[in-house]
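Q: Sequence and predicted model, in that order:
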Amino acid sequence: MAEIQENNNKEKKGNKQKKMNIRVDFTPMVDMNMLLITFFMLCTSLSKPQTMEISMPSNDKNITEEQQNKVKASQALTLLLGEDGKLYYYEGEPDYKNYASLKETTYEASGLRKLLLSKNYEAVKKVRELKDKKARLEITEEECKKEIASVKSGKNTPTVIIKAMDKSTYKNLIDALDEMQICSIGKYVIVDITDGDRFLIDNYLSHGELSQKATDRNV
């Protein structure tokens, strides 16, 4: 609100012009601002934190190595995150004698994503159907989440084992984990890389020279 104050100077009778001082009162603006802040706080939804579920290996010492390797070889896929952005993988159990059993791919859609989609095609198809049902309001969000979790953990879905070398980057690991979500991989773990995995990479880069030398020594 504005208030006009007249300043009459009686001493100067000859001056007929009146001087007015205008003072603006901003007190109501403070109340209005508080009402607006309260309104936006109540009506605006807060951003939800983006989380990612990760399965880590158990620290239970009673679990034997045989129990840890119960994954079917036909459904297991091991990713080896190498240095300089390199990505290697092998299916099933490692073959230390055949360097060609280890293959190289990329983190791009035409590389790792294409590989995972080919291994998990049926699950990806079912997940898309469930999301379409939810969009058409045929099922609730809770039902959709429950069904998707069941599909991802199905018997015929692949199990991805992620192993990172010391010189691999966090970006490589995050890119690999992103592909797990995109390709609806429900069973994946992050474990430490072993000496055998390092041998596979070195043997692959040497085109089998290391395995050949080991064979020659045994002969």
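A: All right, it came through fine.
Q: Show me where this structure dips below the pLDDT cut-off.
A: Applying pLDDT under 70 to the chain flags residues 1-21, 45-72, 216-219.
Q: For the helix ranked longest in it, could you pull out the residues that count as buried?
A: In the chain, assigned by DSSP state H, the helix with the most residues is helix 27-43. Using 16 or more other Cβ atoms under 10 Å as the test for burial, helix 27-43 gives no buried residues. In short, each C-beta sits where N, CA and C put it, glycine included.
Q: Quick one: list the elements packing against it.
A: Applying 3 or more Cβ pairs under 8 Å, 6 or more residues apart in numbering; DSSP states H and E, we find helix 27-43 packed against no helix or strand.
Q: Restricting to C-alpha, output it in CSV.
A: Only the C-alpha atoms of helix 27-43 are listed here, as CSV (Å, rounded to 0.1, in the frame of the first residue of the first chain):
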residue,chain,number,x,y,z
THR,A,27,4.5,-5.4,4.5
PRO,A,28,1.6,-7.1,2.6
MET,A,29,4.1,-8.3,0.0
VAL,A,30,5.9,-10.4,2.7
ASP,A,31,2.6,-12.1,3.6
MET,A,32,1.9,-12.8,0.0
ASN,A,33,5.3,-14.3,-0.6
MET,A,34,4.9,-16.6,2.4
LEU,A,35,1.6,-17.7,1.0
LEU,A,36,3.1,-18.4,-2.4
ILE,A,37,6.0,-20.4,-0.9
THR,A,38,3.6,-22.4,1.2
PHE,A,39,1.5,-23.1,-1.9
PHE,A,40,4.4,-24.3,-4.0
MET,A,41,5.7,-26.5,-1.2
LEU,A,42,2.4,-28.2,-0.8
CYS,A,43,1.6,-28.6,-4.5
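Q: what's the closest non-adjacent residue to Thr140?
A: Distances taken as Cβ to Cβ, 6 or more residues apart in numbering put Lys134 closest to Thr140, at 7.6 Å, once the chain neighbours are dropped.
Q: Could you give me the buried positions within the strand or helix carrying that neighbour?
A: Taking DSSP states H and E as the definition, Lys134 sits inside helix 121-135. Residues Ala123, Val124, Lys126, Val127, Leu130, Lys134 are the ones in helix 121-135 that count as buried (16+ other Cβ under 10 Å).
Q: what's the answer for stretch 146-156, then?
A: Neighbour-count burial for stretch 146-156, counted by 16+ other Cβ under 10 Å, picks out Glu147, Ile148, Val151, Lys152.
Q: out of these, which are inside helices?
A: Among the buried residues of stretch 146-156, the members found in helices (DSSP H) are Glu147, Ile148, Val151, Lys152.
Q: Can you name the residues that contact the last one?
A: In this case it means Lys152. For Lys152, the contact set (Cβ atoms under 8 Å, 6 or more residues apart in numbering) comprises Ala123, Val127, Ser184, Ile185, Gly186, Lys187.
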